[in-house]
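>>> with the input below, show me the fold.
(chains A and B)
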Amino acid sequence: MSSPDPIAAIKAEFKDRIVSWEEKSPKRYYITMPREDITKVADFIFAKQGARFIIASGVDTPEAIEILYHFAFDKLNKILTVKVPVPKERCEIESIAPIIAGANWIEREIAELLGVNFLNHPNPKRLLLAEDWPEGKYPLRQEPRSNR
Amino acid sequence: MNQKTIIPVGPFHPLQEEPEFFELEVEGEKVIDITVNIGYNHRSIEKIAESKTFDQMVFLVERICGICSTSHPIANCNAVEDLAGIEIPERAKYIRSIVGELERLHSHLLWAGLAGHFIGYNTLWMWVWKYREPILDLFEAVTGNRNHYAMMKPGGVRQDIEEGAIPALSKGLDEAEKKIEMVTKAALDDPVLAARLKGVGILSKEEAIDYCAVGPTARASGVDIDVRKDEPYAAYGLVDWKIITQEDGDVFAKVVVRLLECFESIKIIRQCLQKLKTTKGDIAVQVKEIPPGEGIGHHEAPRGETFHYIRSDGSNMPVRLKVRAPTYVNLPTCKVTVPGESVADATIILAAIDPCYCCTERLVKVIDRERGRKWKWEDLLRLSRKKTERIKKRMGISHE
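As a prediction, this is how the structure comes out:
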């Protein structure tokens, strides 16, 4: 069951695997994890520590597609964001939807808008884009900007 | 012989007037599976936000939704303030909460009216909407607009509430409270509503947690989450109020949660108005630069937590804005609440989460593949209303 200090529990559980750990404020934590660990991390935070999965954000950066899994510990007033960089060459990651039903839609959305392949997703259909939208075109991928 | 029938409801919902597309798989009267298709009216707001300045972005997100139009701006400002480490003045906090709670009031009443209409209880619909109207007048008095109030900005609010305006607002609230009290008592004691809505579309606590449901949908299933309490932003930590929860998880519990929440909202607004009399000072701090970094802001909208994530590279525009509206996590719960229920009940169960797609379907037909018969949304409504009528007859209170 959930421990009184889930943040410390997460730090202890994955201490060898955490790539970076940032405490932006007492309410906001950002940690970076390798993509191989995502199902273990999601299971530990959601099922074992009782966090609520808020949503995931996909961000296209020059280096990789970053997926940010936002978890809330509501009663502790803390939001923990797990960042996972997914390289664009082999753009795939294990799905967490089998563990968290609430992650089903957002993974489908990130798949079609940013071109990330979620492995073992229970229903890997398009969510928002039309059926005749061309394959391989991802609307939320960045193009070089000239106006900034 | 296989009597499987698919009932498509969409791509525009005729009553909620928003784009959503449900496929109900039915066996006779019973729904055995449901598929939801969204994206018919995707507006790419997240992408557009990347070409707006932080100030412009607030106006953009205000247009995500017409009903909870101040929820996205509050969440967005919370995110920008989290990113830049801005503390807003106390007076601005009270004004934010006043606008946020007035919105909850009008939104819950709007829903209660629609729910009545869905089950053929048009008296409730007309009553409630009549009493919702003066709330919009209060909005006009406070913000100058009945909708799309443009009150929020990073660092505070755009308009002050003058002390001279407070007595009229208090009077408006008193009157609204009396009416809502009357409606609440009538609705919660109504035997037909109880017979029609109790035990229908049950979402268990475990399912609510698994689907990450939020707002009244989660609270009606006994999950006591509310961002206003859990992360007290604006003035929610400075005034006295309580979270409303119910244990049953059915449609009736959701009605109870929303109606009772109205009184908490009134309580919050009253206290905030009182505090405005004594709390003087600025209504906003000057925000000069947004540093590079990340910010998370959320707000308890009438339908549940609205979540915004912003990433900045130090320029005057965000690199990424991620928005998660409450319906995005509440709607998938229909996968567990609708199957097993009758077609007549599917209408109200789908409406019970108070879905908000910003604009749902006009084309509704039910196609019986075996017999080639086409049903329309009107037929479904007729089924839903007939069921209420049957219940009334059974109770001996039908007028027909």
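>>> spit out the contact partners of the spatially closest residue to residue B:53 that is not a sequence neighbour.
Of all residues not flanking residue B:53 in the chain, residue B:316 sits nearest, at 4.7 Å (Cβ to Cβ, 6 or more residues apart in numbering or on different chains). Placement of C-beta: from N, CA and C, glycine included. Residues counted as contacts of residue B:316 (Cβ atoms under 8 Å, 6 or more residues apart in numbering or on different chains) are B:53, B:54, B:290.
>>> of those, buried ones?
B:54, B:290 (16 or more other Cβ atoms under 10 Å in any protein chain shown).
>>> can I take it that residue A:72 is in a strand?
Yes - judged by DSSP: H, G, I helix; E, B strand; the rest coil, residue A:72 forms part of a strand.
>>> if we ignore the residues flanking it in sequence, what's nearest it?
Nearest to residue A:72 is residue A:52, by Cβ to Cβ, 6+ apart, at 4.6 Å.
>>> what's the distance between residue A:71 and residue B:248?
Counting by Cβ to Cβ, to the nearest Å, the separation of residue A:71 from residue B:248 is 28 Å.
>>> residue ranges in the chain under the pLDDT threshold?
Went with chain A since none was named. Filtered on pLDDT under 70, chain A yields the residue ranges A:1, A:144-148.
>>> think we crossed wires, I meant chain B
For chain B, applying pLDDT under 70 flags the ranges B:1-3, B:13-17, B:356-377, B:398-400.
>>> let me see the domain layout of it.
Listed domain ranges for chain B are B:4-40+B:330-395, B:45-325 (source: automatic domain parsing).
>>> got the residues of chain A near chain B?
A:24-25, A:27-28, A:30, A:52-55, A:57-59, A:68, A:70, A:72, A:74-75, A:77, A:79, A:81, A:100-106, A:126-130, A:139-140, A:147-148 (Cβ under 8 Å from any Cβ of the partner chain).
>>> emit the PyMOL select command for whichever of those are buried.
The buried residues among the residues of chain A next to chain B can be selected in PyMOL (16+ other Cβ under 10 Å) with this line:
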select buried, chain A and resi 24+28+30+52+53+54+55+57+58+59+68+70+72+74+79+81+100+101+102+103+104+105+106+127+128+129+140
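>>> now, which of the residues of chain A next to chain B lie within strands?
Within the residues of chain A next to chain B, residues falling in strands by DSSP state E are A:24-25, A:28, A:30, A:52-55, A:57-59, A:68, A:70, A:72, A:79, A:81.
>>> now for these, which pair is the farthest apart?
Largest separation among those by Cβ to Cβ: A:25 and A:58, giving 23.7 Å.
>>> can you give me the helices for the stretch 151-300 of chain B?
With DSSP state H, counting those that start in this stretch as the criterion, the stretch 151-300 of chain B has helices at B:166-189, B:191-197, B:205-210, B:215-219, B:227-230, B:251-278.
>>> what do you get for chain A?
Counting by DSSP state H, chain A has these helices, from start to end: A:6-13, A:38-42, A:104-114.
>>> just those helices: most buried one?
helix A:104-114 (a mean of 23; mean count of other Cβ atoms under 10 Å in any protein chain shown).
>>> comparing residue A:71 and residue B:248, which residue is more hemmed in?
residue A:71 (25 against 17; other Cβ atoms under 10 Å in any protein chain shown).
>>> hmm, the more buried one is touching residue A:83, no?
No - here residue A:71 lies out of contact with residue A:83, judged by Cβ atoms under 8 Å, at a distance of 12.0 Å.
>>> make sure residue B:331 is actually in contact with residue B:355.
Yes - in this structure, residue B:331 is within contact of residue B:355 by Cβ under 8 Å, at 5.8 Å.
>>> got the contact list for stretch B:114-130?
B:15-16, B:109-110, B:112-113, B:183, B:186-187, B:192-193, B:196-197, B:251, B:255, B:347-348, B:351-352, B:381, B:384-389.
>>> and the closest residue to chain A within the stretch 1-150 of chain B, helix, strand or coil?
Relative to chain A, the nearest point of the stretch 1-150 of chain B is residue B:39 (3.4 Å; Cβ to the nearest Cβ). Secondary structure of residue B:39, reduced to three states by three-state DSSP: coil.
>>> for it, phi and psi?
The phi/psi pair for residue B:39 (degrees, to the nearest 10) reads phi 100, psi 0.
>>> can you tell me the closest non-neighbouring residue to it?
Nearest non-adjacent residue to residue B:39, counting by Cβ to Cβ, 6+ apart: residue A:128, 3.4 Å away.
>>> residues contacting that neighbour?
A:109, A:112, A:113, B:38, B:39, B:42.
>>> now residue B:335
By Cβ under 8 Å, 6+ apart, the residues touching residue B:335 are B:34, B:211.
>>> give me that answer again for 7 Å
residue B:34 (Cβ atoms under 7 Å, 6 or more residues apart in numbering or on different chains).
>>> and it, that's in a helix?
Yes - looking at residue B:335 with three-state DSSP, it is inside a helix.
>>> how near is it to residue B:350?
Using Cβ to Cβ, residue B:335 is found at 11 Å from residue B:350.
>>> on that earlier part again, burial check on the residue of the stretch 1-150 of chain B closest to chain A, number of neighbours?
For residue B:39, the count of nearby residues is 18 (other Cβ under 10 Å).
>>> am I right that it is in contact with residue A:131?
No - between residue B:39 and residue A:131 there is no contact under Cβ atoms under 7 Å: 10.1 Å.
>>> around chain A, pick out the residues from chain B.
Contact residues (Cβ under 7 Å from any Cβ of the partner chain) of chain B with chain A: B:38-39, B:42, B:47, B:82, B:210-212, B:225, B:230-231, B:294, B:296, B:307, B:309, B:311, B:315, B:317, B:320, B:322, B:324, B:328-329, B:332.
>>> with adjacent residues omitted, what lies nearest to residue B:329?
Leaving out its chain neighbours, the residue that sits closest to residue B:329 by Cβ to Cβ, 6+ apart is residue B:212, at 4.9 Å.
>>> for residue B:80, same thing?
Leaving aside its sequence neighbours, residue B:80 sits nearest to residue B:154 (Cβ to Cβ, 6+ apart; 4.2 Å).
>>> fine, thanks again, bye for now.
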